[in-house]
Each structure stands twice: as C-alpha cells, then as structure tokens.
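Enquirer: only the shape, not the letters, is given here:
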C-alpha cells in the first residue's frame, strides 16, 4: 500500500477494517477494506472481488484494485463521503414519498445492471447502500453470486429482516427475485421508518420475524400517508411465491417508479452501460487477482505474530465508527417511531 496514505479509519466489522486512504500522487480519496491474511480467506473473498470487478455503473461503488500486504489483503474501492443509507434514515427519520422514490429509482437502476451482468447481490440492505451527495451507490458484494461463474443460490444467506421467504427453504432459488424482495424492504423502511415484518411485541425474536416473512404479514401504518400506486408496488414486491413476484423489469415500468424519473435514470441514458462495447478497463487480470487471493490464504513465512502485531489493524484515530461484532439488535430513535435493525453481521 505504498501508493496510499492513511486519512482515518471508517469502520470496523466482523471481517476486518475499512480505512479512508489518499493516493499519494493523485490525492484521490479511496476506501480500503482490509481482511487479515490466513485460513479465514475463503472462496467468498475471491467471489466478492471478481463479481465487483465486473461491474461499472454510477450507482455501484467503483472497484479499483486488490493489494496484498504482509498481513492483509486489501480491496481498494471508490469512496462515498456521505456514509450509508441506514445512518441517513436514522438521522433524519422516515422520508417523504418523492425522496424515497428518487432513492429507490437509483437502487433499482444499480440492481438492474447487476442482474444484466448475471450477478445477484443477496445482501441488499440500508447499510450496503452508500450516499454520495444525492447519489446512492450499492456496495459490499461479499455474498454475491454470478450465474455465469457459480451455481444457483441455495444457502440461507443475507441479513434476516431483508431475506425473501424462499431463501429460508434451503433449496435453490432465484437470487434476482430475492434481491427484489430486499429492495422492497429498503423502500418500506425509507417510507415508514421501521421494518415491515417486525413483531410488535418482540421484534428481537428471529423465529417470529421469519414466520411473519413467510406469511407476508405486514401493514402500512395509518400515520404513513403514501399513494395507492406506491402501496400497489409494495404489495407486488412482497409476494411469497417468487414466480408471482414483480420483476426488476416490471418495476421499471410501474407507474409509481416512472413518476418524476430523471433523464439519467431512463432506459435511453442507461443503455450505454449495457452495451457490449462498453468494456471495463481492468487494472489487474483475473489471473493476477486469483494469485493474490491464493497467497492471502497463508501468512508469509517471515511473519511471526507478536503481542504488537497479532491484532489486525488497530484503530489509529478517534473517527472510527464501530460496528458490533455480534448480531444483536440496535435500537435507534427516529422521533415518533423507532427503527430496530441488526447492524454489522449478515447470516
């Protein structure tokens, strides 16, 4: 990482530390995700890198390069200074329908592109949507799968309150339609300020939440005033049978989605990202990246853990935003209602 200098630590999570770095020559800011080398570097790390590397879209965080250090593998990414959508909602409370629509249009634009590239995200949530001014960008492809490179999804993976009913089955499912469900949860939270399938008496009980998801048991509170078109779209997303659930293509032609759709999000403007000749200029080859990931699975022979270096990348500033290592619930006050969610770890 000799080309970069540390600015501050951004967050610390279950898999490692994310740091804000500055390129010494260009002075551009980047976010660098550090994961300790060793046997914890699994197949999903290579999958995350390879899938993210194949995406180039204004509503997806840009992938830059992978760097191997003596103790870590580092993924260099575009930096979004506005934090994540979770904090945005927590700080402001639920947002108006027009703003939620604009945000949702951007999210769907990014997800649509992922699906065009045959990649399903499988962990779409507020924390994985970053804010850059008024622009939203999807990040964290750690649970993603490519239909071109991998088998169809069948594992129960993701963040519990965003998981589609079919994911609980343990059988193969369509990851793209599961992503649609997660987008619906994000839309609902933006509008209501709470999760759609929380149990009113005990929303910390995962079994109760799962049962409510399976039964598609949700409601729009009376104090939330949204249009019939919006309610219709939500009802077509929250459908237990994925074969009957609205698709991304159908969402993009829904009247609520089309209202006030800005020029750059219309199909005509988006077409440039879907052209085959719009090839991505790769800084590293597939072979180079796989070699780096394979080397990261072991520590170099000269490395010897000591009391001073055994802990990966201790925080060096007071600006760290800690993420709980457990999956326990966090309660955030949003004024007239509360948003309860699980931060940090996915399952």
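Expert: Ah, there it is. Just so it is clear, the structure is predicted and the values come from calculations on it, not from any experiment.

Enquirer: could you break the protein into its assigned domains?
Expert: 4-80+281-325, 85-274 (automatic domain parsing).

Enquirer: residue 289 belongs to a helix, doesn't it?
Expert: Yes: counting by DSSP: H, G, I helix; E, B strand; the rest coil, residue 289 falls inside a helix.

Enquirer: now do the contacts for it.
Expert: Counting by Cβ atoms under 8 Å, 6 or more residues apart in numbering, residue 289 touches 46, 49-50, 53, 66. Heads up, the C-betas are built off the backbone N, CA and C, glycines and all.

Enquirer: could you redo the last one with a cut-off of 7 Å?
Expert: For residue 289, the contacting residues are 49-50, 66, by Cβ atoms under 7 Å, 6 or more residues apart in numbering.

Enquirer: residue 169: which of those is nearest?
Expert: For the contacts of residue 289, the residue nearest residue 169 by Cβ to Cβ is residue 50; the value is 27.2 Å.

Enquirer: what about the closest one, distance to residue 59?
Expert: 20 Å (Cβ to Cβ, to the nearest Å).

Enquirer: just to revisit the earlier point, now render the domains of the chain as JSON lines, adding mean pLDDT.
Expert: Shown next, in JSON lines, are the domains of the chain (pLDDT from 0 to 100):
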{"stretch": "domain 4-80+281-325", "mean pLDDT": "82"}
{"stretch": "domain 85-274", "mean pLDDT": "93"}
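
Enquirer: could you look over those and pick the most buried one?
Expert: Mean neighbour count (mean count of other Cβ atoms under 10 Å) peaks for domain 85-274 among the domains of the chain, with a mean of 18.

Enquirer: quote the end-to-end distance of that domain.
Expert: End-to-end distance for domain 85-274: 26 Å, by Cα to Cα, to the nearest Å.

Enquirer: and stretch 211-224, by the same measure?
Expert: 24 Å.

Enquirer: same question for stretch 65-77.
Expert: Start-to-end, stretch 65-77 (Cα to Cα) is 7 Å.

Enquirer: how about stretch 129-136?
Expert: Stretch 129-136: ends 6 Å apart by Cα to Cα.

Enquirer: go ahead and flag the most central residue of the protein.
Expert: residue 128 (2.9 Å; Cα atoms, centre = their mean).

Enquirer: in the stretch 201-347 of the chain, which spans are helices?
Expert: 206-214, 228-237, 248-251, 255-258, 267-270, 286-296 (DSSP state H, counting those that start in this stretch).

Enquirer: got the contact list for the first one?
Expert: Residues lying outside helix 206-214 but in contact with it, judged by Cβ under 7 Å, 6+ apart, are 160-161, 163, 165, 168, 197-199, 202-203, 240.

Enquirer: okay, and which of the contacts of residue 289 map to strands?
Expert: residue 66 (DSSP state E).

Enquirer: picking that back up, now distance to residue 137 and secondary structure too, for the contacts of helix 206-214, in CSV please.
Expert: Listed next are the contacts of helix 206-214 as CSV, based on distance: Cβ to Cβ, whole Å; DSSP: H, G, I helix; E, B strand; the rest coil:
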residue, distance to residue 137, secondary structure
160, 24, helix
161, 22, helix
163, 23, coil
165, 28, helix
168, 29, helix
197, 26, coil
198, 27, coil
199, 32, coil
202, 35, coil
203, 29, coil
240, 30, coil
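
Enquirer: select, from these, the two members most distant in space.
Expert: So, the contacts of helix 206-214 by Cβ to Cβ: farthest apart are 202 and 240, at 22.4 Å.

Enquirer: the closest residue to residue 248 other than its chain neighbours and residue 257, how far apart?
Expert: Once flanking residues are discounted, residue 248 sits nearest to residue 112: 4.9 Å by Cβ to Cβ, 6 or more residues apart in numbering. Distance of residue 112 to residue 257, given as Cβ to Cβ: 11 Å.
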